[in-house]
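# How does the following fold in three dimensions:
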Amino acid sequence: MDSRKLKLLNMALSPLREDLGLETSAETLQLPDFDRQFKKIIDLRVPAVGLRLGGLREPYMEKLERCCMPIFGLASNLRDAKVLVSSGVKAVVAVSWAEGGLLSYEEVPAYGAEVDSLALWPECARALKVPVIAAGSVMTEAHAEAAKLFGCAGLMLTDALLCADESPLPEAWRTKLCYTTDASTEMSSVYLGRPARFLANGLSRTIQENELPVLDFPFQYFSLRDIFDSALKQNRIDLAYLEIGQNAFRAQSLPVRSIVETFTDYWKR
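Numbering: from 1, shown residues only. So this is what the prediction gives:
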């Protein structure tokens, strides 16, 4: 991590932290203890483990397999998907350009992972010998039909559940989502240190327009986390990090069960 960049970023954002009632941000950052997190996964016997940004090293994969935990991987391009399969994942989630959150790539440059659903889904379904799950801000019956037509084995719902009754999303943010459009998100590195799609807002524009330092992934996120947490508590969507895809404006306020049953019906038709 570049401590000089962190100091400059903290100095630039100190008035904002003051306004939010936050203390001065730390001058050093530490990553979470991965081995401790991994042990927790094993202890909890989670029903499935998803890998993003490449597969795990062999000892970790072997441990998951010994515990009979299903392993799937997320990839935003075919080359990364193939590497995930070779590492031992049992299914691949083909995450297209429209999806919220991180672009998932390791084997190609960022621009090589900017792949549309119409190109990514059929290529993964054709080339991979494991089930392919379609993801990319899947919101409509037409999206489900396309994924099925392209040979995918199922769907991953993300944006479709944003405004579900059980979602922790604050009411003020749900209202904001109703007025967004397909152009309300941006793909940028300013929040995580590598490309991710999120709701464009005042904080992201401030970082970009003032050319503030951006730390390497994942330190950028940890350097801003106190601001994101405070934004959630104070209903400040203008300062939030909200991972949403290009079709998030279609999200409905319904029980999760109802939404899942709707897409199950779409898939069966």
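# any idea how far residue 87 is from residue 35?
19 Å (Cβ to Cβ, to the nearest Å). Any C-beta I mention is one placed from the backbone N, CA and C, and that applies to glycine too.
# who has more neighbours, those two?
Comparing residue 35 with residue 87 by neighbour count (other Cβ atoms under 10 Å), the higher total belongs to residue 87, at 16 against 9.
# Just give me the neighbour total for the closest residue to the more buried one other than its chain neighbours.
Leaving out its chain neighbours, the residue that sits closest to residue 87 by Cβ to Cβ, 6 or more residues apart in numbering is residue 55, at 3.0 Å. The burial count assigned to residue 55 is 19, neighbours taken as other Cβ under 10 Å.
# what residues are up against residue 187?
With contact set as Cβ atoms under 8 Å, 6 or more residues apart in numbering, residue 187 has these partners: 97, 103, 114, 195-197.
# those strands in the stretch 1-150 of the chain, which residues are they?
49-52, 71-75, 91-95, 101-102, 132-135 (DSSP state E, counting those that start in this stretch).
# Output these as JSON lines; include the columns mean pLDDT, distance to residue 2 and mean neighbour count.
Putting the strands of the stretch 1-150 of the chain into JSON lines (pLDDT from 0 to 100; distance: least, Cβ to Cβ, whole Å; neighbours: other Cβ atoms under 10 Å) gives the following:
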{"stretch": "strand 49-52", "mean pLDDT": "91", "distance to residue 2": "24", "mean neighbour count": "18"}
{"stretch": "strand 71-75", "mean pLDDT": "95", "distance to residue 2": "28", "mean neighbour count": "25"}
{"stretch": "strand 91-95", "mean pLDDT": "97", "distance to residue 2": "29", "mean neighbour count": "27"}
{"stretch": "strand 101-102", "mean pLDDT": "93", "distance to residue 2": "21", "mean neighbour count": "19"}
{"stretch": "strand 132-135", "mean pLDDT": "97", "distance to residue 2": "33", "mean neighbour count": "26"}
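# that older thread, among the contacts of residue 187, who's most crowded?
Going by other Cβ under 10 Å, residue 103 tops those with 28 neighbours.
# Before I go, just wanted to say thanks for your time.
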